[in-house]
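**Q** model the structure of this input:
(2 chains)
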Amino acid sequence: MIITVNGARREVADRARLADVLDRPTGDIPRGIAVAVDGNVVPRSRLGKVELAEGARVEIVTAVQGG
Amino acid sequence: MVEALRQVQGAEHRVQGVDEQDDLVIAGRHFQSRLIMGTGGAPSLEVMEAALLASGTELTTVAMRRVDPSAPGSVLDILDRHGISVLPNTAGCYTSADAVLTAQLAREALETNWVKLEVIADEITLLPDPIELLDAAERLVAEGFVVLPYTGDDPVVARKLQDAGCAAVMPLGAPIGSGLGIRNPHNIELIVEAASVPVILDAGIGTASEAALAMELGCDAVLLASAVTRAEHPVRMAEAMRLAVQSGRFAFRSGRIPVRRYAKPSSAQAGRIE
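**A** Numbering: from 1, shown residues only, chains lettered A, B, ... in the order given. Have a look, this model is predicted:
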């Protein structure tokens, strides 16, 4: 199926897990990174559990220099 | 603090008032430095780190941007190493919805409910959009965020942000990165007079005298980035800003002399030779 990751189209397996898209099989990500799916922030504790649907929009952000 | 200093041998000459504790307090958190730094615009992480240290800042902004999850979080490493608290911003957001989502992402990523709320109207001026800003502020306050909104120098908007429950108001001196200084000092004074939360002069500062002026006008703190990070010598300018903010604050608390139309001699008039 096709999803969008940080604005780019990406083909993944049907019912792919968010953790696989993040390339973090256990779902743990370093401090400083957060993920939203379809405009909703995914709490850290749920990163390993979320399954993605066709057309899902995934945003992965971190803190950078700014402001 | 003053008593403690008096007990130190040789410190008796210190002037009361200078040594008094004078913390900046935002939402119950105390800061000894009244200079909040941004990290944007530095030519390298090394320069940014040295400038942050020279500025004496205890609170520093970062932006939230799309990333490859395998990339290291080097800005955070530097802030952590020096015990500088992180203040995520919502820079680049044009709508309330985008700003709210960015703040939520920052809270999840950085484990802080503090946010420098920016909702920009256009790319040319980078001026805040007051309507989207107020809407985002209300939503974030309702979600338990400590909201520090970057706003224009309109006293009415500042008051409405305060009434919405913001923990501070952060009026601009001039557009972001312009270095135009404080274009409407009178409005900043009006905002200060009406505020019951800290007023932080945010944006527009170009050089040290302007940071000092902000503090002399009664602002509680100054937030700046470009003035330091884009200066020819960022580290030296960071030191200049640290001193300017401190000087301006001391002057503000010292009761300046009234402005007079004509001279008033500072030497005694009695006993002059005739």
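
**Q** what's the offset of stretch B:45-61 from the middle of its chain?
**A** How far stretch B:45-61 lies from its chain's middle: 14 Å, per Cα atoms, centre = their mean, to the nearest Å.

**Q** that stretch near chain A anywhere?
**A** Yes - using Cβ under 8 Å from any Cβ of the partner chain, stretch B:45-61 comes into contact with chain A via B:45, B:48, B:61. No exception for glycine: its C-beta is placed from N, CA and C like everyone else's.

**Q** secondary structure element holding the second one?
**A** Translated: B:Met48. When secondary structure is defined by DSSP states H and E, B:Met48 falls within helix B:45-55.

**Q** in that helix, what's buried?
**A** Across helix B:45-55, burial judged by 16 or more other Cβ atoms under 10 Å in any protein chain shown covers B:47-49, B:51-52, B:54-55.

**Q** just the closest of those to B:Ala231, please.
**A** In terms of Cβ to Cβ, no member of those lies closer to B:Ala231 than B:Ala51, at 8.8 Å.

**Q** and the closest one, how far is that from chain A?
**A** Between B:Ala51 and chain A the computed distance is 11 Å (Cβ to the nearest Cβ, to the nearest Å).

**Q** which residue packs closest to whichever residue of the stretch 1-150 of chain B sits closest to chain A, ignoring adjacent ones?
**A** Taking Cβ to the nearest Cβ as the measure, the stretch 1-150 of chain B has B:Ala63 as its residue closest to chain A, at 2.6 Å. Once its chain neighbours are removed from consideration, B:Ala63 has its nearest residue in A:Gly66; the separation is 2.6 Å (Cβ to Cβ, 6 or more residues apart in numbering or on different chains).

**Q** on that earlier part again, from the buried residues of helix B:45-55, which two are the most distant?
**A** In terms of Cβ to Cβ, the buried residues of helix B:45-55 reach their longest pairwise distance at B:Val47 and B:Ser55, which sit 12.2 Å apart.

**Q** which residues in chain B form strands?
**A** All strands of chain B, identified by DSSP state E, fall at B:24-26, B:29-31, B:35-38, B:59-66, B:85-88, B:114-117, B:146-151, B:170-171, B:200-202, B:221-224.

**Q** got these as CSV, with mean pLDDT, mean neighbour count and distance to A:Asp23 columns?
**A** Formatted as CSV, the entries for those read as follows, by pLDDT from 0 to 100; neighbours: other Cβ atoms under 10 Å in any protein chain shown; distance: least, Cβ to Cβ, whole Å:
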stretch, mean pLDDT, mean neighbour count, distance to A:Asp23
strand B:24-26, 96, 17, 38
strand B:29-31, 96, 14, 37
strand B:35-38, 96, 29, 31
strand B:59-66, 94, 23, 15
strand B:85-88, 96, 22, 24
strand B:114-117, 98, 26, 29
strand B:146-151, 98, 27, 33
strand B:170-171, 98, 29, 38
strand B:200-202, 97, 29, 38
strand B:221-224, 98, 27, 36
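
**Q** perfect, that will be all.
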